[in-house]
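Q: Build the 3D model from these lines:
(one chain, ligands or ions: 1)
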Amino acid sequence: MNSQAPLVAPASLNAGRIMANAKPAVATPIRIAIIGCGYWGMNYVRIFNELHDSRVVAVCDQRRQRLQELAAHLQGAFLTTDSGEVVSRPEIDAVVVCTEATMHYGITRSLLLAGKHVLVEKPLTTTVAEAEELIAVADARPAVLMVGHTFLFNAGIQKLKEYNQTGDGHVYYVYARRTNLGPIRRDVNALWDLAPHDVAIFNYLLDSTPEWVSAVGAKVLRNCREDVGFITLGYPGGVLGHIQVSWADPNKAREVVIVRSDRRIVFNDLNGLEQVRVFEKGVSAVESEPLNYGELRFQIRDGDIISPHIEPSEPLKNQCRHFLECVRLGRRPISGGLEGRNVVRVLEAVNRSIELKGLQVQVERNGYAHHLERDRDSVS
Ligand SMILES: NC(=O)c1ccc[n+]([C@@H]2O[C@H](COP(=O)([O-])OP(=O)(O)OC[C@H]3O[C@@H](n4cnc5c(N)ncnc54)[C@H](O)[C@@H]3O)[C@@H](O)[C@H]2O)c1
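A: Numbering: from 1, shown residues only. Purely as a prediction, here's the structure:
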């Protein structure tokens with residue numbers, strides 16, 4: 001994807017829409033603060049300084065040493081260990097929250113209440129109730145609330161969606177593998193850390209959310225939390241999803257596969273040469289009289305293997321650009337609060353299913369944001 005090219009069509013009905021009472025009056029360049037400058041947060045510091053329409057004016061981290069390292073590169077920026085100081089500074093337009101997952105809710109809430117636009121890392125929160133509250137607060141300001149579901153801004157995943165929207169077949173099932181040795185989190189398990197990416201990808205590719213989940217996990221490293229997990233998701237129309245995550249697998253995998261009646265579409269983020277491969281092969285039952293009792297005819301389709309050209313671009317940079325655009329134009333992001341809440345909703349159901357040793361659990365569909373979604377859909 002060209003670095004200036006627009007992203008593919010919004011994932012949900014709400015994405016891309018102008019927010020009610022939107023007031024796009026922000027400074028240019030947009031003045032950004034980053035809270036949490038660890039492994040991932042440092043990428044935000046770099047990118048928002050590289051982009052021409054934003055400038056990092058403040059950074060916050062609890063670790064003084066990290067701030068000292070940053071001081072040399074960020075002349076004139078405000079440095080603090082206290083996120084409350086970012087909340088209270090009027091010259092900051094928008095903030096990235098890139099702390100551990102359990103801190104997302106509290107910090108994001110106070111920023112939104114202070115009128116800041118927020119890009120918060122995944123998972124949005126660690127409970128649905130918290131996610132719903134953040135959506136309500138953002139809606140009331142109004143402010144942009146966006147979640148760092150980075151893979152929705154990956155040109156390979158966008159290509160996968162393109163190929164899934166064409167052809168005359170339909171989806172049978174989707175699966176994803178996200179494994180590696182760590183990094184092990186101290187506040188959430190491997191399912192909450194890794195699966196948000198894949199749930200967000202599935203929801204985006206299928207344009208829907210799961211109705212039920214079934215999940216099991218294991219603590220193979222004798223950690224106090226699950227470091228391995230297997231999740232099955234039931235999407236509308238009988239489409240199944242499966243996600244395998246692990247912090248304990250020496251084989252790093254970042255793979256998403258769509259199996260359809262007419263083709264198989266594979267995304268492998270670790271394959272720099274052929275990130276996406278499309279196998280024009282499939283099998284479907286033929287609508288005709290069975291040959292014998294209980295025997296159906298099957299039609300096998302066997303065609304080309306395509307590896308489409310994908311213009312290299314940095315997914316996180318695409319995501320940051322999208323955030324700036326939403327702030328500037330008062331737009332709803334592709335991965336906004338509702339999309340983030342939909343992911344948290346699945347993970348809450350995953351928690352319950354693990355407690356019930358893999359029993360199928362319905363994904364809750366009530367709450368403030370559900371009504372909001374319904375109201376918006378009815379006026380569209
Ligand atoms: N989207 C992606 O692809 C992706 C990739 C990696 C991590 N992440 C997410 O980014 C977040 C951070 O992950 P990480 O790997 O950078 O973790 P990390 O532990 O390396 O960094 C977290 C940083 O936040 C700081 N911090 C914690 N609480 C704070 C507070 N109250 N005020 C100020 N600073 C605080 C810590 O000192 C630390 O420097 C997590 O939510 C993680 O899920 C997303």
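
Q: burial count for whatever residue of the chain ends up closest to the ligand?
A: Relative to the ligand, the nearest point of the chain is residue 38 (1.8 Å; CB to the nearest ligand atom). C-betas here are computed from N, CA, C, even on glycine. Neighbour count for residue 38, taken as other CB atoms under 10 Å: 13.

Q: check contacts around it.
A: By CB atoms under 8 Å, 6 or more residues apart in numbering, residue 38 lies in contact with 61, 66, 98-99.

Q: rerun at 10 Å
A: By CB atoms under 10 Å, 6 or more residues apart in numbering, the residues touching residue 38 are 61-63, 66, 98-100.

Q: Can you read off the pLDDT for it?
A: Predicted confidence (pLDDT) for residue 38: 97.

Q: Could you do residue 289 as well?
A: 65.

Q: and the residue of the chain closest to the ligand, how far is that from residue 130?
A: Distance, residue 38 to residue 130, by CB to CB, to the nearest Å: 22 Å.

Q: now do residue 149
A: For residue 149 relative to residue 130 (CB to CB), the value is 17 Å.

Q: Show me what from the stretch 51-200 of the chain comes close to the ligand.
A: Proximity of the stretch 51-200 of the chain to the ligand is confined to 60-63, 66, 83, 98-101, 103, 121-122, 148, 150, 193 under the rule CB under 6 Å from any ligand atom.

Q: So residue 149 and residue 130 - more neighbours on which side?
A: The neighbour comparison of residue 149 against residue 130 (other CB under 10 Å) goes to residue 149, with 29 against 18.

Q: Test my guess that that one contacts residue 316.
A: No: using CB atoms under 10 Å, residue 149 is not in contact with residue 316, being 11.2 Å away.

Q: how about the helices in the protein?
A: For the chain, the helices defined by DSSP state H cover 41-50, 64-71, 83-88, 104-113, 128-140, 155-165, 190-206, 315-329, 337-355, 368-379.

Q: for those, which one ends up most surrounded?
A: Ranked by mean neighbour count, the helices of the chain are led by helix 190-206 with a mean of 25 (mean count of other CB atoms under 10 Å).

Q: give the contact list for residue 196.
A: Contacts of residue 196 (CB under 10 Å, 6+ apart): 101, 121-124, 147-149, 151, 188, 245, 340, 343-344, 346-347.

Q: can you check residue 200 too?
A: Counted by CB under 10 Å, 6+ apart, residue 200 has contacts 11, 122-123, 147-152, 157, 334-335, 339-340, 342-343, 346.

Q: again, 8 Å this time
A: Contacts for residue 200 were tallied using CB under 8 Å, 6+ apart; they are 122, 147, 149, 151-152, 335, 339, 343.

Q: I figured residue 184 hits residue 246, correct?
A: No: distance between residue 184 and residue 246: 11.0 Å, which falls outside the contact criterion (CB atoms under 8 Å).

Q: More neighbours: the two, which one.
A: Neighbours per residue (other CB under 10 Å) separate residue 184 from residue 246, with residue 246 holding more: 24 against 14.

Q: Which residue, neighbours along the chain excluded, lies closest to that one?
A: residue 179 (4.1 Å; CB to CB, 6 or more residues apart in numbering).

Q: What about the one you found, how many residues nearby?
A: The number of residues near residue 179, taken as other CB under 10 Å, comes to 19.

Q: same question, residue 237
A: Residues near residue 237, counting by other CB under 10 Å: 10.

Q: How confident was the prediction at it?
A: 97.

Q: cool, the one 3 residues further on as well?
A: Here the pLDDT value assigned to residue 240 is 98.

Q: One more: the one 4 residues further on?
A: On pLDDT, residue 244 comes in at 98.

Q: same deal with residue 198?
A: Residue 198 is assigned 98 on the pLDDT scale.

Q: what sits against it?
A: Contacts were defined as CB under 8 Å, 6+ apart; by that measure residue 198 touches 176, 178, 243, 245, 256.

Q: Count the residues that sit near the nearest residue to residue 201 once chain neighbours are set aside.
A: Leaving aside its sequence neighbours, residue 201 sits nearest to residue 151 (CB to CB, 6+ apart; 5.2 Å). Using other CB under 10 Å, residue 151 has 26 neighbouring residues.

Q: for residue 151, what are its contacts?
A: 157, 197, 200-201, 315.

Q: now with 10 Å?
A: So residue 151 contacts 122, 157-158, 160, 176, 178, 196-198, 200-201, 204, 254, 256, 267, 269, 315, 319, 335 (CB under 10 Å, 6+ apart).

Q: likewise residue 232?
A: Counting by CB under 10 Å, 6+ apart, the residues that residue 232 touches are 173, 175, 210, 212-216, 240-243, 353, 358, 360.

Q: how close does it get to residue 183?
A: 26 Å.

Q: In contact with the residue nearest to residue 246, which residues?
A: So residue 179 contacts 190, 194, 228, 244-255 (CB under 10 Å, 6+ apart).

Q: repeat for residue 349
A: Contact partners of residue 349, counting by CB under 10 Å, 6+ apart, are 128, 210-215, 231, 233, 360-364.

Q: for the stretch 1-150 of the chain, what are the low-confidence residue spans?
A: 1-18, 20-25 (pLDDT under 70).
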